[in-house]
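Asker: Just need the structure, nothing else, for what follows:
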Amino acid sequence: MKYTIRKSIIEVVGNIWQPGAPPCCMEYTLSDAQMKECRLQGLIFHPREVIANWLKHNAGDFQDILDFHASLEVEETTLEIPWESEDNEILFSEVMSV
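Answerer: Purely as a prediction, here's the structure:
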């Protein structure tokens, strides 16, 4: 018997509320309810805007989001939202691998 686990994740680079702190990174795993909320907001038609709005309201650890990458499970497909900057992708990889 074989099982497949599908997760929707958002990888984030941003500034936290602590003054003087360097950019920080975090990974969010969205629940089915959170994914449903995103779909209702128009995820299929405006994915980057919908996820940016979700982060604005749900990423309380961050003062502001500099960039993000998302891999989202929408029905039977995977929706990829790439990083806007390769530098932020590298920063995320470096910070999360420590």
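
Asker: How is residue 50 assigned, secondary-structure-wise?
Answerer: The local conformation at residue 50, judged by DSSP: H, G, I helix; E, B strand; the rest coil, is helix.

Asker: which residues touch the helix or strand bottoming out on mean pLDDT in the chain?
Answerer: Least confident helix or strand, the chain: helix 32-40 with a mean of 91, by mean pLDDT, DSSP states H and E. With Cβ atoms under 8 Å, 6 or more residues apart in numbering as the contact definition, helix 32-40 has outside contacts at 8, 30, 43, 50-51, 54, 58, 72-74. Where C-beta positions appear, they are placed from N, C-alpha and C, glycine not excepted.

Asker: What's opposite residue 13 in the beta bridge?
Answerer: residue 25, residue 67 (DSSP bridges).

Asker: in this structure, which spans are strands?
Answerer: 8-16, 24-30, 62-74, 77-81 (DSSP state E).

Asker: export these to a markdown table and tack on distance to residue 88?
Answerer: Below are the strands of the chain laid out as a markdown table (distance: least, Cβ to Cβ, whole Å):
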| stretch | distance to residue 88 |
| --- | --- |
| strand 8-16 | 5 |
| strand 24-30 | 9 |
| strand 62-74 | 4 |
| strand 77-81 | 13 |
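
Asker: could you dump those strands to a markdown table with distance to residue 38, mean neighbour count and mean pLDDT?
Answerer: Listed next are those as a markdown table, based on distance: least, Cβ to Cβ, whole Å; neighbours: other Cβ atoms under 10 Å; pLDDT from 0 to 100:
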| stretch | distance to residue 38 | mean neighbour count | mean pLDDT |
| --- | --- | --- | --- |
| strand 8-16 | 8 | 19 | 95 |
| strand 24-30 | 7 | 16 | 95 |
| strand 62-74 | 7 | 18 | 94 |
| strand 77-81 | 10 | 12 | 93 |
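
Asker: So for residue 90, which of these sits nearest?
Answerer: strand 8-16 (9.9 Å; Cβ to Cβ).
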